[in-house]
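A.B. asks: Please work out how this folds:
(2 chains)
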Amino acid sequence: MKDARASFDPVTLAAIAAAAVLLVGAPFVFYPLFLTKVLCYALFACAFNLLLGSCGLLSFGHAAYFGTAAYVAGHAAKVWGLPFEACLALGVMASAALGAVFGYISIRRQGIYFAMITLALAQMIYFLALQLPFTGAEDGLTAIPRGKVLGLFSLDDPLVLYFTTLCLFVGALMLIHRITHSTFGQILRAIRDNEPRAISLGFEANRFKLQAFVLSAALVGLAGANKAIAFKLATLTDVHWSTSGSVILMTLLGGLGTLLGPFVGALVVVTLENYLADSGLPIQAVIGGIFILCILLFRRGIVGEAQGWVETLRRRRAG
Amino acid sequence: MSTQALFGQLLVGLINGSFYAMMSLGLAIIFGLLGVTNIAQGAFYMMGAVFSWLMLRELGIGYFYALLLSPILVGLIGAAVEKTLLSRIYKLDHMYGLLLTFGVLMFTQGMFIYWMQTAGRPYPVPPELAGGFNLGFMYLPKYRAWVVLASLVICFATWFAIEKTALGRTLRAATENPALTRAFGVNVPALMTIGFGVGVALAGAAGVLAAPIYTVSPLMGADLIIVVFAIIVIGGMGSILGSIVTSVGLGLLEGLAKVVYPQGSNMVVFVVMIAVLLVKPAGLFGRER
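C.D. replies: Model (predicted):
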């Protein structure tokens, strides 16, 4: 089999190069904290896409892993005073463990039942977060100390914070790309496209689904932990179903199953939320309207449609 | 613990259970006919309550007229939503139905919050149903007894209409095999519009019944739908009576939990769901897939 990395075509390479230049240059033009937020949610969406895009599993409860990691990392930093890296690791482990339990329960049903079950399980985490003493209930965890990355550079410097987040994001994205282009990723797609056939070929579908679920939850956890530290804040919003819905919108809007789509979607949604917050318009209604339009008019998402145009152009040129 | 408190909470549980029953009944009709998991059902429940509150405040229309008019209005809005939005996505994966109705939920809830804020508005108990009976072991407010009775009647009427009437037979035929039903000259698309309208009207009726018990607010249906989803996972959507029994049973269990272990009362349905998934993944009354 050909090496997966060799499968990049020139257009994708050019896009990646352009993205790299933009991502490195961006904090000198835009507000670094805003960009950090975009990256956190972009990673959240990319990790969600790992499950929906590759495996066809629509989880309606990914806020549970995002929020759990945020609370755990926040608690570790604030109460236990652990260094940044340890907080991230604990957050990831917590959400991976939760993903293993919830994944085991929810993969017992398929299709929309799977979505309903993940939604219900995530609601449990919401109620737990509301009642457990260490989450601070309605107030959430506030004033979480950021600490230093590698014990050297203070994360209170916005540029250090941004580039640390960028490194984590790019690393996670490469990991996701590696996973989706491995044989494991191919088995996931086989299960997505035809589960009975994959099973008849000897693949234990549920085992692979669970593994994908845990990987997705762990990477979502990285996003959540990173977000809690970056914004010194972990609140009930992080575990609320509206956050689960918002990550679905980001993925769908950007392009389901594409590598960069969720990033584009997160950029659009976070920018929109930032802009709308001051405008007095009902954010939720606008987001809902975009959701409806996206599903009715451009289901492939921004990146998916763009890729479609590139394909058409290429075919026209070829013949 | 006093028996007063116990029976009081069981009654609340029974009432919530009947709301769950009406909601899940509506969801089952919609899913059976359209293949759409209507997550906006909670928003239609909220609309039912808000409309009855508006009718009383702006037009002076009383509770009993509102109980008829408000669900009709909700049903018409639902039919419009089906005609303009949902009818475009039937050929796609079921996932898109869930996502599209999620968009509808966000949009509707967002607009209502924008328009009336999140604060709860009280809706007075109609004077005919004020007061209550002292049963010795508990005090039974008339209105609460009425809610249980009314929702039982509505649920039974729906069951009767689906299982025993000509329209219901056509509806079941369209659920079972839309293409063949169409070949017999039945206007299936129109039936789907009606089905969605009736399904959300049931949620609207639950909303009107709920208005005097819970305060009317744009957020009142938001968390309810998640509990109803869990109930559907537990009971399965296969049988109408099965879903009514599951709903009422879980409502009672929730009420009991409020007395025995109040902190966990809002989680008890989810815990039952996990237990059922581990033991009988297809649900209590469900068939595998």
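
A.B. asks: Tell me the residues of the stretch 51-200 of chain B that contact chain A?
C.D. replies: For the stretch 51-200 of chain B, the contact set with chain A under C-beta under 8 Å from any C-beta of the partner chain comprises B:85, B:88-89, B:92, B:94-100, B:102-111, B:113-114. The way it works is simple: take the backbone N, C-alpha and C, and place the C-beta from them, glycine included.

A.B. asks: Buried subset of those residues as a ChimeraX selection?
C.D. replies: Selection of buried members from these for ChimeraX, criterion 16 or more other C-beta atoms under 10 Å in any protein chain shown:
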select /B:85,89,94,95,96,97,98,99,100,102,103,104,105,106,107,108,109,110,111,113,114
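
A.B. asks: Among the residues of the stretch 51-200 of chain B next to chain A, which are located in helices?
C.D. replies: Judged by DSSP state H, these include B:94-100, B:102-111, B:113-114 as members of helices.

A.B. asks: list the contacts for residue A:41?
C.D. replies: A:223, A:227, A:247, A:250, A:266, A:269-270 (C-beta atoms under 8 Å, 6 or more residues apart in numbering or on different chains).

A.B. asks: Output the below-cut-off pLDDT ranges for the stretch 1-150 of chain B.
C.D. replies: For the stretch 1-150 of chain B, the stretches with pLDDT under 70 are B:1.

A.B. asks: same thing but 90
C.D. replies: Along the stretch 1-150 of chain B, segments meeting pLDDT under 90 span B:1-12, B:28-37, B:57-58, B:60-63, B:87-95, B:114-142, B:144.

A.B. asks: how about the strands in it?
C.D. replies: Counting by DSSP state E, counting those that start in this stretch, one finds strands in the stretch 1-150 of chain B at the ranges B:132-134, B:139-141.

A.B. asks: Make a ChimeraX selection of the buried ones in the contacts of residue A:41.
C.D. replies: To isolate the buried members of the contacts of residue A:41 in ChimeraX, using 16+ other C-beta under 10 Å:
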select /A:223,227,247,250,266,269,270
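
A.B. asks: between the contacts of residue A:41, which is closest to residue B:170?
C.D. replies: Proximity of the contacts of residue A:41 to residue B:170 (C-beta to C-beta) peaks at residue A:247, which lies at 40.9 Å.

A.B. asks: Could you give the separation of the longest helix seen in chain B from the chain centroid?
C.D. replies: The longest helix of chain B (DSSP H) is helix B:3-34. Relative to its chain's centre, helix B:3-34 lies at 7 Å (C-alpha atoms, centre = their mean, to the nearest Å).

A.B. asks: Who are the packing partners of that helix?
C.D. replies: Packing contacts for helix B:3-34, counted by 3 or more C-beta pairs under 8 Å, 6 or more residues apart in numbering or on different chains; DSSP states H and E, involve helix B:41-54, strand B:139-141, helix B:142-164, helix B:166-176, helix B:188-210, helix B:224-235, helix B:240-260.

A.B. asks: a markdown table for those, including distance to residue A:127 and mean neighbour count?
C.D. replies: Below are those laid out as a markdown table (distance: least, C-beta to C-beta, whole Å; neighbours: other C-beta atoms under 10 Å in any protein chain shown):
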| stretch | distance to residue A:127 | mean neighbour count |
| --- | --- | --- |
| helix B:41-54 | 17 | 28 |
| strand B:139-141 | 28 | 16 |
| helix B:142-164 | 25 | 16 |
| helix B:166-176 | 35 | 16 |
| helix B:188-210 | 21 | 25 |
| helix B:224-235 | 10 | 27 |
| helix B:240-260 | 12 | 21 |
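
A.B. asks: Out of the ones you listed, which gets nearest to residue A:279?
C.D. replies: Among these, the nearest to residue A:279 by C-beta to C-beta is helix B:41-54 (23.5 Å).

A.B. asks: Alpha carbons only: can I get the closest one in PDB?
C.D. replies: Provided in PDB are the C-alpha atoms of helix B:41-54 (Å, rounded to 0.1, in the frame of the first residue of the first chain):
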ATOM      1  CA  GLN B  41     -41.000  18.700  19.600                       C
ATOM      2  CA  GLY B  42     -40.000  20.600  22.800                       C
ATOM      3  CA  ALA B  43     -40.200  23.900  20.900                       C
ATOM      4  CA  PHE B  44     -43.800  23.000  19.800                       C
ATOM      5  CA  TYR B  45     -44.700  22.100  23.400                       C
ATOM      6  CA  MET B  46     -43.400  25.600  24.400                       C
ATOM      7  CA  MET B  47     -45.300  27.200  21.600                       C
ATOM      8  CA  GLY B  48     -48.500  25.600  22.800                       C
ATOM      9  CA  ALA B  49     -48.100  27.100  26.200                       C
ATOM     10  CA  VAL B  50     -47.000  30.500  25.000                       C
ATOM     11  CA  PHE B  51     -49.900  30.700  22.500                       C
ATOM     12  CA  SER B  52     -52.400  29.900  25.300                       C
ATOM     13  CA  TRP B  53     -50.800  32.600  27.500                       C
ATOM     14  CA  LEU B  54     -50.900  35.100  24.600                       C
END
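
A.B. asks: and that helix, how far out from the chain's middle?
C.D. replies: Taking C-alpha atoms, centre = their mean, one finds helix B:41-54 lying 11 Å from the centre of the chain it belongs to.

A.B. asks: repeat for stretch B:76-87
C.D. replies: Its chain's average C-alpha position is 18 Å from that of stretch B:76-87, according to C-alpha atoms, centre = their mean.

A.B. asks: go on, stretch A:16-32?
C.D. replies: Relative to the chain's own centre, stretch A:16-32 is displaced by 20 Å; criterion: C-alpha atoms, centre = their mean.

A.B. asks: Same question for stretch A:188-198.
C.D. replies: 23 Å.

A.B. asks: That stretch vs chain B: in contact?
C.D. replies: No. Stretch A:188-198 stays clear of chain B (C-beta under 8 Å from any C-beta), getting no nearer than 10.7 Å.

A.B. asks: what does that stretch rub up against?
C.D. replies: By C-beta under 8 Å, 6+ apart, stretch A:188-198 touches A:54-56, A:110, A:180, A:187, A:201, A:203, A:205, A:208-209, A:212.

A.B. asks: residues of it that come out buried?
C.D. replies: Across stretch A:188-198, burial judged by 16+ other C-beta under 10 Å covers A:188-192, A:195, A:198.

A.B. asks: now these as CSV including secondary structure?
C.D. replies: Conversion of the buried residues of stretch A:188-198 to CSV gives the following (DSSP: H, G, I helix; E, B strand; the rest coil):
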residue, secondary structure
A:188, helix
A:189, helix
A:190, helix
A:191, helix
A:192, helix
A:195, helix
A:198, helix
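
A.B. asks: I appreciate the help and will end here.
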